[in-house]
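In: sequence-free structure coming up:
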DNA sequence: ACGCCTCATGAAAGTAAGTTTCATCCGTGG
DNA sequence: CCACGGATGAAACTTACTTTCATGAGGCGT
């Protein structure tokens, strides 16, 4: 048989749940039902027997096993154990905040704040946990060596792309961001070997971004994808894939946690690049900070 | 039936290992061998199959089962799971992260990632903690009732302003953001009673933003400031002050944590506003999501 | 010392859990 | 309309877990 991809999960001891939620959209419907059960209550799933879990997910044991393999486990017992470990490690949320869940209709502002902060912080932490330092290293390497860096992103991811561009620019890297697809395509066509193209798309399905990244790749540039879903289409046109870990269940809630997760990754890359040449980066940052100084009032201390 | 003692362990979630070593002397020799293996390396034991463990302890599966019962477990699978959970909990959280500290010169990427994520997550959490729900409420109120909302911000805060504008727009609020001071001033001059002007500035000293907010206030608009410093100049021209809690000592003016903190506040306001009219907001969000649908590939799940 | 009892122990039988195979079904594109 | 490929669950199968039971090693009273 042609073996399913089986994305390795062995190098991420902390992020099994995260890993699974990332893979969720790439799973078959029946497997998704299993995944959802597992993600929503890992501890409970660990307690269940395979038959039990299969029944709960309204599917067969065979599907559960397939699910195990899909997320990189050898079999059900292994999943169970990893799940138990994971569940134990995770500090119980202070109160009944639904992770990744919707905000209850009757919620007051204090609840809303608590829920959002909790989910946002989680997204940041979990993203960091599952980020592969080796891949980051390669990306940093490529950016450091790049003649030019293009950052692409549409919609909410566009802000992140723009932020990244601006950060790189501030430390003296030649970076561009294009809010417009046509311009972006034009720019991508002018990239070449040694240049870097970074495509940002939470879902990994934004055709504009994929198209541009593809173009860049065709021209010989090193392509990097930043997405929440490790098996989404964008990863097919990327040399390096960086993933975020936002469980933004509700599409409609307007890309909140995902955006923070993306920014966290951007920060990591930025600092990684800056760290390659501390002195120069620092000097550049100081120069840029000084440049806007005249646009600040009450410089020095701010009235203790 | 003359049941063996079976000391309950269910009420001590944390101390399974301790529990076991406590009753080690009361176990039969063969069971003790099992117990010693388990205590010395719980994680490893959890990975083994019952037969495997029995062999390692030079005994039979039956004895392992008896051991399980002796320590209060129902059977081997339960022991395994508890063991895995216990082992996971023992792993110390990655320490040595300097809160708000600079990144050490020799740091490798993994350290950088951990430090950034830690600080970013902290900023988000602490911001939420000190956010005043009452002030948020007033701001939400004002935005809901506003005829028009202007969001101002320069530099890094500009991205946040832009993000806020876009979010409000998506749920049907009339919101604007101007990257250019002149345009912003022009717009502010056209605001009036019932309108809202939001000024975002991390330091609270960005003269451009202050100036624009001042103008807006003079025209009768409700002014809101979002800053990290509760007594900075911007607060003097604001009717409502919302503060972030980012201790941005890292990589000066990289504006990393502060930006996430600001976004968290924006998210809270956004959800607060959206919650005021769930149905309408949801409909608007769905409509906007649908609008970009044709720019996505592989709508359903992606590649088995 | 002898018989008897108790208990620890593992072999083996039995049961349940997990895994594989395979036929069927369903949607997709030719 | 058919061929194809993937998804799926029933059932066969394997492995893991649990129970039963026979054995034998002490202990202990006589």
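Out: Cool, the structure landed. Quantities reported herein were computed from a predicted structural model and do not represent experimental measurements.

In: Pick out the residue nearest the middle of chain A.
Out: Note on chain A: the residue nearest the mean C-alpha position is residue A:244, at 1.3 Å, using C-alpha atoms, centre = their mean.

In: Residue A:192 - how many residues pack around it?
Out: 12 (other C-beta atoms under 10 Å in any protein chain shown). All C-beta atoms are positioned from the backbone trio N, CA, C, and that covers glycine.

In: Is it in contact with residue A:220, as I believe?
Out: Yes - Residue A:192 lies in contact with residue A:220 (C-beta atoms under 8 Å); the separation is 5.2 Å.

In: tell me, what's touching these two both at once?
Out: Jointly contacting residue A:192 and residue A:220 under the rule C-beta atoms under 8 Å, 6 or more residues apart in numbering or on different chains is no residue at all.

In: hmm, back to that, how about the residue nearest to the centre of chain A, what does it touch?
Out: A:123, A:127, A:202, A:226-228, A:258, A:261-262, A:264-265.

In: at 10 Å what do you get?
Out: A:18, A:22, A:123-124, A:126-128, A:130-131, A:160, A:200, A:202, A:226-229, A:257-265 (C-beta atoms under 10 Å, 6 or more residues apart in numbering or on different chains).

In: so where's the stretch 201-304 of chain A uncertain?
Out: A:248-254, A:278-304 (pLDDT under 70).

In: Residue of it nearest DNA strand C, please.
Out: Using C-beta to the nearest atom of the strand, residue A:233 is the residue of the stretch 201-304 of chain A that sits closest to DNA strand C, at 14.3 Å.

In: That residue - how many residues pack around it?
Out: Residue A:233: 22 neighbours (other C-beta under 10 Å).

In: Repeat that for residue A:185.
Out: 17.

In: Same check on the one 5 residues further on?
Out: Counted with other C-beta under 10 Å, the burial measure for residue A:190 works out to 13 neighbours.

In: Would you enumerate the residues in contact with the closest residue to it other than its chain neighbours?
Out: Among residues not flanking residue A:190 along the chain, residue A:219 sits closest, at 7.5 Å (C-beta to C-beta, 6 or more residues apart in numbering or on different chains). Residue A:219 is in contact with A:188-193, A:195, A:197, counting by C-beta under 10 Å, 6+ apart.

In: per-residue pLDDT, residue A:88?
Out: Note on residue A:88: pLDDT of 78.

In: Does DNA strand D have contacts with stretch A:21-30?
Out: Yes - legend: contact between stretch A:21-30 and DNA strand D by C-beta under 7 Å from any atom of the strand is shown at A:28-30.

In: In helices only, show me the residues you listed.
Out: A:29-30 (DSSP state H).

In: out of the residues of stretch A:21-30 next to DNA strand D, which is most surrounded?
Out: Greatest neighbour count in the residues of stretch A:21-30 next to DNA strand D, by other C-beta under 10 Å, goes to residue A:30: 18 neighbours.

In: Return the residues in contact with it.
Out: Residue A:30 neighbours (C-beta under 10 Å, 6+ apart): A:54, A:57-60, A:62-64, A:66-67.

In: Find the closest residue to DNA strand C in the stretch 51-200 of chain A.
Out: Nearest residue of the stretch 51-200 of chain A to DNA strand C (C-beta to the nearest atom of the strand) works out as residue A:75 at 2.0 Å.
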